[in-house]
Each structure stands twice: as C-alpha cells, then as structure tokens.
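Undergrad: Mind looking at a prediction? Sequence and model below.
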Amino acid sequence: LSPPALPLARRPPQPAPSILMAKPRNAPKRRAAKAASASPGGFKRAASPVPGLSSAQYEQALAHHGAPCGPSPRPARHAADRARPRPTAAAVASSPSDGTAWLQWGALCVKGKEYAEAERIFRKGAELLPADQMLSAAALTLGGDSAAYFHAAPEARAAGGARRAPPPPPSLADEAFTSYAAPDEQMATWDQADRAAAWERRLASLSPRGVVHQSKAPLLEPEDCAWVVREVEAHAEKVGWTKTRHVQAPTTDIPVSQVPALRGWFDEQLRDTLFPMLAARYPEAIASPAELRVMDAFVVRYDAREQASLPMHIDENTFSFTIALNDQSEYEGGGTMFAQIRPVGAGQEPFGPAVLNADAGGVVTFPGKLLHGGNTVTKGRRYIIPLFIYLDANASGKKPGYLLRSVGFEEASSNAALSRYAAGLA
Ligand SMILES: O=C(O)CCC(=O)C(=O)O
Ligand SMILES: [Fe+2]
C-alpha cells in the first residue's frame, strides 16, 4: 500500500516555515518578473526567503515564545522576570520600534488562527517601520494582494456583531445557480495560514446545499468582459504575460491590479456583485461581504497552441472564482474540471469528474480546497479571471483590530509604505 498522492497546491513547495516569506529584493529583473512581483499574490508565489535570514533562522526567531498571542495580563515585576522573553504584545507596546517584536507578535497570531489580526499587526508594523523589509514582506505575504482591491471597512461587519446580510437580489438568489455537492474530506484541508479554520467549522452545515455553484446567466456584463480582454491583451503587448506567479500550477496570466484601466471596474464588480454573490452562496460560512478579502485576481489566457490546460490542484485560499471572459463559441474544450462532484439533490449518484464552464460574464465558485484544474483548450483561446478570496475572520470573534487596540494602536491608516516596498521588489 502506498500513501495517496498529495494534490498540487498553488503555493511554494515549502510547508509552514515559508508562511511569511516574500520575494527577495534581488529578484530577476525580467519584465515578466517585474510585473508579477509588483503585485504579490500571497503564499503561492513566494519562492525564497527575504534577505538576511534563512527560513530556519526565521522560524526559530518566531518560535521561541510559547505565549498565546495577545497582551500579557501580568507585567514583569522582578529582574528575573525581565530577563525572560517578554510576551509579544507587551514587547511591542514597550518597544514599538523593535521590528522583531512586531514580527513575533504577528507570527504568534497566525499560529493561533488569528490571521486577520496578524495581517493588521504586520501592516501596522510595516507602516511604523517602513525600513523593516521583513515586516513589509510579512504584511504583503499574509494579505496577498488584498490591499490593491476593494474591501469593506471592518467596522461594517463589527457594528452590531455578526449580522446577516440582507437578502440578495434575484440574480444572486439560489435559483440563479446550478449547485453541486462534493465529498467533505476534500475540503477539510488546512492551508498554510490555517485560513480554512473558519470554513472547516461550518463545513457540515454547508454540504447539503452544495459547495460548487455555477451561475445560469452572466453576472458580469459580457461587453465589459470583452473590453477586459482587449485591455489585457494591450497591456500584455507591453509587459508580456507572466508564467511564474504560481509555483506548482502556474497559469499564463496578468494580475488585475497590474492593469490600471481595470482596477476601478474590478472593484465595482467585487463590491456590487461578486462579494454579495459569494456571501449569498455560503451564508453559513460568510456572515457579511465585509469579511471578504482578495488574495489574488488575475486574467488567465489558455491557448490551444500555448498553455492549453492547468493540472489538477488545490488553491491556497478559502473560496475561488472562475469568471469567464469570452464565450465558449470562441474555443473548443476548456472549463473548470472537478475531480469529484455531483449535482445537489441527485441522491445516490456517486461523486465523479465534471467540467463546468460558462459564457462571458458567467461564474463558477468553489472552495479552494476542492481538487480542480483547467480542462484542455483544443482550439482557440479561453480567457478567465480566477479570483482567490480569503475570510478576514478572527478565530476569537472579537472586534477586528482588537489586539492592536489592546496596546494602544489604531490600524494602519495607509498602505503607501507597503506599495513602495512592493514597487521596490520589481
Ligand atoms: O481554468 C480554470 O477554470 C481553472 C483555473 C484555476 O484553477 C486557477 O487558476 O487556479
Ligand atoms: Fe485553481
């Protein structure tokens, strides 16, 4: 008997220690690499540690505190106490210019599944200490590309607790989707930052209504989608398509955040359609669209004569979208292939492979941990936007930013320092 083969994941081959790694400053100066590295896509694109520390050294630096994240309830009183490693929150409170203290605090939060707090801690540290590359790298890596895209203010969710979103408009209601169930085991996989925690807790109640949802009609305007393809092709003329942003299952792609003309449009789609749609499809897992963050969004081109398919893999994030940008009449083959799904309500029908596809503006959503791939395009070109989403939910359920506030800090007010850091990587 041999152990089952692990699915490919769209992430670096390193397990946990790579959690806070980012592309090194001396990244290759190829044009494609430049375009890619200016918009960090999170875990799946980091291939080597930031300069100055090996990953082992870094892990060690993060690991030597045993305290749970959060402020120390008891200040040190004796000389002997002071000599011991200080709980990380207290260390940050007393030495806010100590970058290592910020890093340790954030890393402990990641380990405690408080990744929303960790993201805020890294961002705040990076804002206060812009010269600290490790902090900027951690903030970028944990947040993925979320700073580049629309997200609702955390207060929108915090006010009044976990309130349910209002009922969705008809185009986002259950009847507007064809839904599929999948085996629970396939989705109960942890990602590197344990971002699946919130999802896993609610998995059992989600299964009966299906976990893969395909829109029956376009959710985005097909004319807009045609315009997106033209803009991206024009942009690609200048900078080239990237093929190295994802380590184990790379696509031929360009990040949406790298095409200035698309950014306003895409944020509108997130705010008005895609976030509300996702929240409506997974109400047991998503209390409000304000919990949703973009880890990565990129236009992919499959071409029968170039990259025509994507191997079966899992995505590192919690929820994934495939948004079709052109009609199926423009190519043959293609579609998102799932290893094991079945239509909801099909009773005893066994789980099996299926390819789901849509015309321009149609979407398919699914949990990132569900095994899937890009079916081969045998003629023509298929354009899609894969959109990777994670939940900005706290394991504690406390008001977002509570850890920072507990030591007297407000959340980072601007991402300017991070943006400068990201630009400097290129
Ligand atoms: O081609 C597809 O529909 C799937 C794309 C995908 O899985 C990805 O980019 O991660
Ligand atoms: Fe994928």
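TA: Yes, it's here. Ligands and ions are numbered 1, 2, ... in the order given.

Undergrad: alpha carbons only for contacts and neighbour counts from here, please
TA: Will do.

Undergrad: Following element in sequence after the one helix or strand residue 373 maps to, please.
TA: Here residue 373 is covered by strand 372-374, with elements defined by DSSP states H and E. Using DSSP H and E, the next helix or strand after strand 372-374 towards the C-terminus is strand 377-391.

Undergrad: Mind listing residues that contact that next one?
TA: Residues external to strand 377-391 that are found in contact with it (CA atoms under 8 Å, 6 or more residues apart in numbering): 195, 198, 229, 286, 291-305, 308-309, 315, 317-326, 328, 330-334, 368.

Undergrad: Please apply the same query to stretch 334-352.
TA: The set of residues external to stretch 334-352 that reach it, using CA under 8 Å, 6+ apart, is 178-183, 208-210, 309, 312, 322, 353-358, 370-378, 382.

Undergrad: Could you list the buried residues of that stretch?
TA: With burial defined by 16 or more other CA atoms under 10 Å, the residues of stretch 334-352 counted as buried are 334-344, 351.

Undergrad: Phi first, then psi, for the residue nearest to residue 244 when sequence neighbours are not counted.
TA: Here the nearest residue to residue 244 in space, its sequence neighbours aside, is residue 250; by CA to CA, 6 or more residues apart in numbering that works out to 6.0 Å. Torsion angles at residue 250 (phi, psi; degrees, to the nearest 10) stand at phi -70, psi 140.

Undergrad: neighbours of residue 250, just the number please.
TA: The burial metric for residue 250, expressed as a neighbour count using other CA atoms under 10 Å, is 18.

Undergrad: quick one, strands of the chain?
TA: Assigned by DSSP state E, the strands in the chain fall at 8-9, 177-181, 212-215, 253-255, 292-303, 310-314, 319-324, 331-333, 336-343, 352-356, 363-367, 372-374, 377-391.

Undergrad: Distance-wise, check the residue nearest to residue 244 relative to ligand 1.
TA: Distance, residue 250 to ligand 1, by CA to the nearest ligand atom, to the nearest Å: 8 Å.

Undergrad: Near ligand 1, list only the ones from the contacts of stretch 334-352.
TA: 322, 373-374 (CA under 6 Å from any ligand atom).

Undergrad: Which of those residues are buried? Put it as a PyMOL command.
TA: The PyMOL selection below is limited to those of those classed as buried (16+ other CA under 10 Å):
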select buried, resi 322+373+374
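
Undergrad: between the ones next to ligand 1 among the contacts of stretch 334-352, which is nearest residue 170?
TA: Sorting those by distance to residue 170 puts residue 322 at the head of the list, at 20.9 Å, by CA to CA.
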